[in-house]
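*Asks:* From the sequence below, what's the structure:
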Amino acid sequence: MSDPRAAIEALIALMARLRDPASGCPWDREQTFASIAPYTIEEAYEVADAIARGEREPLRDELGDLLFQVVFHARMAEERGWFDFAAVAAAIHDKLVRRHPHVFAGADTASGALGREWEAHKAAERAQAAARRGDTTHGTLDGVPLALPALMRAAKLGRRAARVGFDWPDASGSRAKVAEELGELDAAIAAGGGASAAVVDELGDLLFAVVNLSRHLGLDAEAALRGANAKFERRFRRMEQLAGERRLTLAQLSLEAWDALWREAKLNGG
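*Replies:* As a prediction, the model looks like this:
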């Protein structure tokens, strides 16, 4: 196995070289936190994609790309005198020790107790951060990142609200809410149609209700939708293949012909 400390030190030195004001890379020198953030998000998704595909070497490479993003941000912070990579690593080390008293302090290891302990530590840390900022209006939903994908953020907001009792007692209440929101969407479409503000508003409520239902079922809505996307892509590609074999022009197919191809694609590996 390679030496992790030497590898990290080499990567940090490389980043410093790329950002050198006199002899570094012009592109790397001109980047800011804001300009790099989209790449950071993209690299995280590419890691998830490599995991979903079960690809060993691509996963290694994507993890490296994501690590480079962390090093990049830490370097820019160091240049401003804020903190360096070592401070980033030390902060997450200390946080994980605090959040794992069952490992480091002999606390209760029952799964329910672990979950409550973890959430209690996170809530305390958020409260402390708010106090340092002088924020006297700190609330339950503070700190949920706006940049999260909408489904993921909806699930996180739902979990936060549930911690203080704002939640359905079981999945049946959440399922009824989905039906209610679907009815309200139908009513908005019938009243205004198209992309009216009311339709957009009710569609958002429906999506939020579906995410809460998935949470009650113990499912990840983001992962479920990724699976549905992959299934749709697989079936559509199979339809294209079938149409090509029969020399059919996709744009000229009737709704009935599309439906027949879709059903065949489902039966043939879709």
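*Asks:* Run through who's touching stretch 249-260.
*Replies:* 239-240, 243, 248, 261 (C-beta atoms under 8 Å, 6 or more residues apart in numbering). For the C-beta atoms, the positions are set from N, CA and C on the backbone; glycine is no exception.
*Asks:* next one: stretch 230-242
*Replies:* Residues contacting stretch 230-242 (C-beta under 8 Å, 6+ apart): 52, 250, 258, 261-262, 264-266, 268-270.
*Asks:* Stretch 65-78 too?
*Replies:* So stretch 65-78 is contacted by 11-12, 15-16, 19, 28, 31-33, 36, 39-40, 43-44, 46-47, 83-85, 87-88 (C-beta under 8 Å, 6+ apart).
*Asks:* which of the residues you listed are buried?
*Replies:* Buried members of these, scored by 16 or more other C-beta atoms under 10 Å, are 11-12, 15, 19, 28, 31, 40, 43, 46-47, 85, 88.
*Asks:* of these, closest to L219?
*Replies:* Checking these against L219 by C-beta to C-beta gives V47 as the nearest, at 21.2 Å.
*Asks:* Extract the C-alpha set from the helix or strand where that closest one lies and format it as PDB.
*Replies:* V47 belongs to helix 33-53 when assigned by DSSP states H and E. The C-alpha coordinates for helix 33-53 follow below in PDB (Å, rounded to 0.1, in the frame of the first residue of the first chain):
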ATOM      1  CA  PHE A  33     -14.900  29.500  -4.200                       C
ATOM      2  CA  ALA A  34     -18.000  30.500  -6.300                       C
ATOM      3  CA  SER A  35     -16.500  29.400  -9.600                       C
ATOM      4  CA  ILE A  36     -15.200  26.100  -8.300                       C
ATOM      5  CA  ALA A  37     -18.400  25.100  -6.300                       C
ATOM      6  CA  PRO A  38     -20.300  23.800  -9.400                       C
ATOM      7  CA  TYR A  39     -17.300  21.500 -10.200                       C
ATOM      8  CA  THR A  40     -17.400  20.200  -6.600                       C
ATOM      9  CA  ILE A  41     -21.000  19.300  -6.900                       C
ATOM     10  CA  GLU A  42     -20.400  17.700 -10.300                       C
ATOM     11  CA  GLU A  43     -17.600  15.600  -8.900                       C
ATOM     12  CA  ALA A  44     -19.700  14.300  -6.000                       C
ATOM     13  CA  TYR A  45     -22.300  13.200  -8.500                       C
ATOM     14  CA  GLU A  46     -19.700  11.400 -10.600                       C
ATOM     15  CA  VAL A  47     -18.600   9.500  -7.500                       C
ATOM     16  CA  ALA A  48     -22.200   8.400  -6.900                       C
ATOM     17  CA  ASP A  49     -22.500   7.400 -10.600                       C
ATOM     18  CA  ALA A  50     -19.300   5.300 -10.400                       C
ATOM     19  CA  ILE A  51     -20.700   3.600  -7.300                       C
ATOM     20  CA  ALA A  52     -24.000   2.900  -9.000                       C
ATOM     21  CA  ARG A  53     -22.200   1.400 -12.000                       C
END
